[in-house]
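Undergrad: Starting from these lines, generate the structure:
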Amino acid sequence: MNSDDPESEEKRYLTEHEAAELTRLSTRTLQRLRQNGKGPSFIRLSARRLVYDRSDLESWLKSHMVGDM
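TA: Numbers count the residues shown, from 1 in each chain. The predicted structure follows:
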């Protein structure tokens with residue numbers, strides 16, 4: 001792949017569905033975590049649209065790591 005190709009780079013902002021795939025959680029679980037204030041940070045673009053920053057998701061996942069891997 002060409003490193004100058006924008007399609008070859010990882011997306012910085014992920015939809016709820018993409019975030020669910022990355023975290024291996026269901027979209028419903030992400031919704032519950034948001035409602036309880038326990039989920040990863042997100043950006044609300046409108047009343048019905050939000051995105052997650054990939055680096056925030058990765059940091060949130062690391063903060064929930066248990067034991068040595």
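Undergrad: For the chain, which segments are assigned as helices?
TA: Using DSSP state H, the helices of the chain run over residues 16-23, 27-36, 54-63.
Undergrad: among the ones you listed, which is the most enclosed?
TA: helix 16-23 (a mean of 16; mean count of other CB atoms under 10 Å). Placement of C-beta: from N, CA and C, glycine included.
Undergrad: Check which helices and strands it sits against.
TA: Contacts of helix 16-23 with other secondary structure elements, assessed using 3 or more CB pairs under 8 Å, 6 or more residues apart in numbering; DSSP states H and E, are made with helix 27-36, strand 49-53, helix 54-63.
Undergrad: Quick one: distance of that helix to the chain centre.
TA: Counting by CA atoms, centre = their mean, to the nearest Å, helix 16-23 is centred 6 Å from the centre of its parent chain.
Undergrad: Run through the bridge partners of the closest residue to L45 other than its chain neighbours.
TA: When the adjacent residues along the chain are set aside, L45 lies closest to V51, with 6.4 Å between them (CB to CB, 6 or more residues apart in numbering). According to DSSP bridges, the residues that bridge with V51 are I43.
Undergrad: Dump the helices of the chain to TSV, plus mean pLDDT.
TA: Putting the helices of the chain into TSV (pLDDT from 0 to 100) gives the following:
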stretch	mean pLDDT
helix 16-23	97
helix 27-36	97
helix 54-63	96
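Undergrad: For E9, find the nearest of the ones you listed.
TA: Across the helices of the chain, the minimum distance to E9, taken as CB to CB, is reached by helix 54-63, at 10.7 Å.
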